[in-house]
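Undergrad: Build me a model from this:
(chains A and B)
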Amino acid sequence: MAVASDTAKTIESATGGDYKYGFVTDIDMDFAPRGLNEDIVRFISAKKNEPDWLLEWRLKSYRRWLTMTEPRWARVRYAAIDYQAAYYYAAPKSTELLDSLDEVDPELLRTYEKLGIPLEEQKMLAGVAVDAVFDSVSVATTYKEKLAEEGIIFCSFSEAVQTQPELVRKYLGSVVPYSDNFYATLNSAVFSDGSFVYIPRGVRCPMELSTYFRINAENTGQFERTLVIADAGSYVSYLEGCTAPMRDENQLHAAVVELVALDDAQIKYSTVQNWYPGDKDGKGGIFNFVTKRGACRGVNSKISWTQIETGSAITWKYPSCILQGDNSVGEFYSVAVTNNHQQADTGTKMIHIGKNTRSTIITKGISAGKGQNTYRGQVKILPGADGARNYTQCDALLIGDQCGGHTIPYIEVRNPTAHVEHEATTSKISDDQLFYCMQRGLSAEDAISMIVNGFCKQVLMELPMEFAVEAQKLLDISLEGSVG
Amino acid sequence: MRREHPFSAPYVAQFTRARATLPGRGLPWLSGLRDRAIERFSSLDFPTPKVEEWKFTNLAPLTKTVFGPGPAKAGEDAGDAVQGFLMEETPCHLLVFVDGRYRPRLSAVGDLPAGAEVTTLAAALKARPDMLESHLGGGTAIDEKPFVALNTAFMADGAVLTLEPGVALDRPVHFLYMASAHEAPVVTHPRTLVLAGRGSAATVLESYIGAGSRTYWTNAVTDVVVDEGAALKHYRLQAEGAKAFHIAATEVRLARDSRYESFVLAVGGRLARNEIAASLNGINIDCRLSGAYLARDRQHIDNTTLIDHAQPECHSRQVYKGVLDGKAHAVFQGKIVVRPQAQKTDAHQLNKNLLLSETARVDTKPELEIHADDVKCSHGASVGELDTEALFYLRARGIDAGHARNMLIEAFVGETFEHISSPPMRAHLERMASSWLPSRHQGGAP
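TA: Next up, the predicted model:
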């Protein structure tokens, strides 16, 4: 069938084309020895000149991790990971803080250029402060002074440990406890670096804060640790985007992101994840096992997660909201694309604790090739959450007859005044829709592109403009349209 | 992971003692099946909430008591208790079992058309063992479901309906399983078998009822085979006693062009689970599952369904609604699987819950597992309280609070009964449900 083969072609160009960000930068790395034991944990901690309490916390995590087993409940299949075969620490050679971009290794800058994120241009054009993380250690941070004027702290996690020990100690592990789950506990033991954000009381962050993650060194697990604290009445929008070079060996990524929103504070956290998904035969690709959780601690606080997941061989990720404060709001908007042999098991948890808490979940799963795409989400209304509201809509679009789209919601209600609604649909692009578009002179590719764009629009609209462009590029879609 | 002292152990011991006295002991295939089943039950044991299928239904209360086999002779007092649950709406073919044993004096099979047979498992094992061999435990259920395995090991009696090709029954068939009042905790393992031949048609009601307030356990399994072009309407009433445990599994196998309509009304039991697994093994099948569950006090009612679309061009619909009061806990787990070859599948599922009290609780998990692209699948779930605006509307028209609430509750549940296409059956089940509803707010609040 002509339409079907065109569809396949479009999807191939949309998601299955050769990975254009696949290249390896050759920089001398400062490795910890391969494998994982207490000495490695101590090595990492010492490298970072960490205080004793943090070393103890890492060791406590490591010891707990030894007693845990890898979760197997997700609908993803992969060969067992040899945790002793990976490197747990790798830093670019030039780790001293730099005064200007000129001092950055030119090799590194070229990498960013290839990725399409020239730091200086971004500085001028977009007004975005970029905390570029190359492998594990921050090498360039911009716009710091401007943020400092507002009292905003935006720095690498290692730096925050040195300069903001009280804040770090107070909030680290307060949303995702060290013992939370296998991957989060591993991260707690060996996390290398990440970003730290503190928005003071009443401050509206004047720009989008952005971090580019990049996994580079072969066989280096990436263990990012991000902590965002929005003090009372503040607002911040945080962007996270990722690309990774092409490799044959699977690379493990187990990040932890913790968000804390106090009274009347708002955090908007957006992610575009485009790590190497593996080749057409399912060889290689990133294992993305991420724990992301936000706590709406204060009254009237709000945390909004938006994610565009197009990369990784395996995605295991459930950005969640704990709605503790009365009237707090949690949102989760997600587009997940799986193609070839990609597998994604992603969703969210909305835990309603406070009164009149509200949550919205909108997810769009697109499966093509042999991709398996699972939405797994939990909405839990606890007895004290009077007047809680939840609305969930999960749509899956299947392209080709080899893929799978699955929806597994868990709805647990303990309060009669709660209103919880869940809807989910699974469908393909209908022949009628295609016919309608093509009859009006669009090629099959453009038509599908348009329909897919329309299918995802509800989520794409939630992205900050800087990201919406990249997201659209990633989905290879343009214009607008809608899927009826 | 095996427990050090498995909860299954007393039942394995009971099996060893009872093995020689179970019906059909002269049949090697059956003895082999029973041995395999008890072994499977022993290794699966009572599932904990860590087992995904039992995540929301904790069987700890069931494991606290060791249930024994029933007495050899059933109590004679059952007749009166049965009366309230008989079909008044239309004459039917009635089989009554008390404590797992067939009671001919309470039953009224009546005249059946040629090619239709209503009998008991015990009788069929003597008369037509070969026919049963291919239908009992032929599936994978005993390997995966511990209580199907347990039933298979112990099954002694139950109702059997067989329809030759093209036979249509005018009257419904009613299988009534009654638990009488005993002091000692007793478990029964009723096994029901419905075989609808090619192009046949029938309406079947299974009722599980209990007298008194003693603790007992009904561990029921029903096997249903609907052959090409046949149409089966299959209804179930679960009105067990207030302290009863009710674990039931229905395995439905549907062939091409068949129609299957199921409705489950669950109002009884302290802890009840009703599981229906339907596999759609041919094209152009129409499968409709619906149900209502009404629970109060500390009742726990679990409805678990699986619709497995294994072949293309089938159609499935599910509507389950529940009303929860007191400290009741309801669970709905509905899974729709669409296999890679099942193109053109149209599957829809809806679960709605109404919470009437602050301590009631609902866990719902509607699940879609889709491996084919040219499909239309959707599910919806909702949980909420009574609409305060609707209540206000009624009260503004002079209807007192109690009646207004009742009207809204009945309207909410009433919708599900519209899915019962047999009018006398709908009237019967509505009558069974109405006995639950008004008792709550009789007289009404000022």
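Undergrad: how's chain B carved up into domains?
TA: B:9-281, B:387-446 (automatic domain parsing).
Undergrad: Quickly compare those domains and say which is most buried.
TA: domain B:9-281 (a mean of 20; mean count of other Cβ atoms under 10 Å in any protein chain shown). For every residue, glycine as well, the C-beta is placed using N, CA and C.
Undergrad: returning to what we had before: turn the domains of chain B into a markdown table, columns for mean pLDDT and distance to chain A.
TA: Formatted as a markdown table, these follow (pLDDT from 0 to 100; distance: least, Cβ to the nearest Cβ, whole Å):
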| stretch | mean pLDDT | distance to chain A |
| --- | --- | --- |
| domain B:9-281 | 90 | 7 |
| domain B:387-446 | 82 | 10 |
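Undergrad: Of all residues in the stretch 201-350 of chain B, which one is closest to chain A?
TA: B:Pro340 (6.4 Å; Cβ to the nearest Cβ).
Undergrad: That residue: what secondary structure?
TA: What DSSP: H, G, I helix; E, B strand; the rest coil gives for B:Pro340 is coil.
Undergrad: measure it to A:Thr374 for me?
TA: Counting by Cβ to Cβ, to the nearest Å, the gap from B:Pro340 to A:Thr374 is 16 Å.
Undergrad: Now stretch B:215-223 - C-alpha only, PDB.
TA: Presented in PDB, the C-alpha positions along stretch B:215-223 are these (Å, rounded to 0.1, in the frame of the first residue of the first chain):
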ATOM      1  CA  THR B 215     -17.300 -17.300  57.800                       C
ATOM      2  CA  TYR B 216     -16.900 -19.400  54.700                       C
ATOM      3  CA  TRP B 217     -15.100 -19.400  51.400                       C
ATOM      4  CA  THR B 218     -16.400 -20.000  47.900                       C
ATOM      5  CA  ASN B 219     -13.700 -20.600  45.400                       C
ATOM      6  CA  ALA B 220     -15.600 -20.800  42.100                       C
ATOM      7  CA  VAL B 221     -14.400 -21.400  38.600                       C
ATOM      8  CA  THR B 222     -16.500 -21.200  35.500                       C
ATOM      9  CA  ASP B 223     -15.400 -22.400  32.100                       C
END
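Undergrad: Need the residue closest to the centroid of chain A.
TA: A:Thr271 (4.8 Å; Cα atoms, centre = their mean).
Undergrad: contacting residues around it?
TA: Counting by Cβ atoms under 8 Å, 6 or more residues apart in numbering or on different chains, A:Thr271 touches A:239-242, A:305-309, A:319.
Undergrad: same check, this time on B:Pro28
TA: Applying Cβ under 8 Å, 6+ apart, no residues contact B:Pro28.
Undergrad: Closest one of the contacts of A:Thr271 to B:Leu254?
TA: Lowest distance from B:Leu254 to those (Cβ to Cβ) belongs to A:Glu309, with 37.7 Å.
Undergrad: so what secondary structure elements neighbour the helix or strand encompassing B:Ile247?
TA: Using DSSP states H and E, B:Ile247 sits within strand B:245-254. The contact analysis (3 or more Cβ pairs under 8 Å, 6 or more residues apart in numbering or on different chains; DSSP states H and E) places strand B:245-254 against helix B:60-63, helix B:146-154, strand B:216-226, strand B:231-239, strand B:259-266, strand B:271-280.
Undergrad: what is the orientation angle of the fourth one with strand B:245-254?
TA: If I follow you right, that is strand B:231-239. 180 degrees (axes from the mean of the first three to the mean of the last three Cα atoms, to 10 degrees).
Undergrad: what lines up beside strand B:231-239 in the sheet?
TA: strand B:201-210 (parallel), strand B:259-266 (parallel) (DSSP bridges).
Undergrad: do you know which of those lies nearest A:Gly325?
TA: strand B:259-266 (38.5 Å).
Undergrad: okay, the angle between the closest one and strand B:216-226?
TA: Using the same axes, to 10 degrees, strand B:259-266 lies at 170 degrees relative to strand B:216-226.
Undergrad: and the angle for strand B:259-266 with strand B:271-280?
TA: Using the same axes, to 10 degrees: strand B:259-266 against strand B:271-280 is 170 degrees.
Undergrad: all helices for the chain, in order.
TA: The chain I'm using is chain A. Remark: helices assigned in chain A by DSSP state H are A:2-11, A:38-47, A:52-66, A:106-115, A:119-125, A:144-149, A:157-163, A:165-171, A:182-190, A:431-439, A:444-460, A:465-475.
Undergrad: Chain B, not that one
TA: Counting by DSSP H, the helices of chain B are B:9-18, B:28-44, B:60-63, B:78-83, B:121-127, B:129-133, B:141-144, B:146-154, B:388-396, B:401-417, B:423-434, B:438-441.
Undergrad: List, one by one, the residues from chain A near chain B.
TA: A:73, A:381, A:383, A:396, A:398-428 (Cβ under 8 Å from any Cβ of the partner chain).
Undergrad: circling back to that earlier point, check the helices of chain A for me and report the most buried one.
TA: helix A:182-190 (a mean of 25).
Undergrad: before we move on, the earlier item: want to throw the helices of chain A into TSV with mean pLDDT and distance to B:Lys126?
TA: Formatted as TSV, the helices of chain A follow (pLDDT from 0 to 100; distance: least, Cβ to Cβ, whole Å):
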stretch	mean pLDDT	distance to B:Lys126
helix A:2-11	44	57
helix A:38-47	88	70
helix A:52-66	94	61
helix A:106-115	55	78
helix A:119-125	42	85
helix A:144-149	78	87
helix A:157-163	90	76
helix A:165-171	94	74
helix A:182-190	93	56
helix A:431-439	89	57
helix A:444-460	83	61
helix A:465-475	70	67
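Undergrad: for the ones you listed, which one sits closest to B:Pro190?
TA: Across these, closest to B:Pro190 is helix A:182-190 (Cβ to Cβ), at 44.0 Å.
Undergrad: Who are the packing partners of that closest one?
TA: helix A:38-47, helix A:52-66, strand A:256-261, strand A:286-296.
Undergrad: Skipping its backbone neighbours, what lies nearest B:Pro366 in space?
TA: Excluding its sequence neighbours, the residue lying closest to B:Pro366 (Cβ to Cβ, 6 or more residues apart in numbering or on different chains) is B:His379, at 4.1 Å.
Undergrad: That neighbour: neighbouring residues, count only.
TA: By other Cβ atoms under 10 Å in any protein chain shown, 24 other residues sit near B:His379.
Undergrad: What spatial separation is found between it and A:Thr407?
TA: For B:His379 relative to A:Thr407 (Cβ to Cβ), the value is 7 Å.
Undergrad: shared neighbours of these two, which are they?
TA: Contacts common to B:His379 and A:Thr407, judged by Cβ under 8 Å, 6+ apart, are A:424, B:366-368.
Undergrad: May I ask which two of those residues are separated the most?
TA: So, these by Cβ to Cβ: farthest apart are A:Ala424 and B:Glu367, at 9.3 Å.
Undergrad: Comparing those two, which residue is more hemmed in?
TA: Taking other Cβ under 10 Å, A:Ala424 and B:Glu367 do not tie; A:Ala424 has more neighbours (27 against 21).
Undergrad: In chain B, which residue sits furthest out from the middle?
TA: Most peripheral residue of chain B (Cα atoms, centre = their mean): B:Ala396, 41.1 Å.
Undergrad: Surely A:Thr348 and A:Ile362 touch.
TA: No. Using Cβ atoms under 8 Å, A:Thr348 is not in contact with A:Ile362, being 10.2 Å away.
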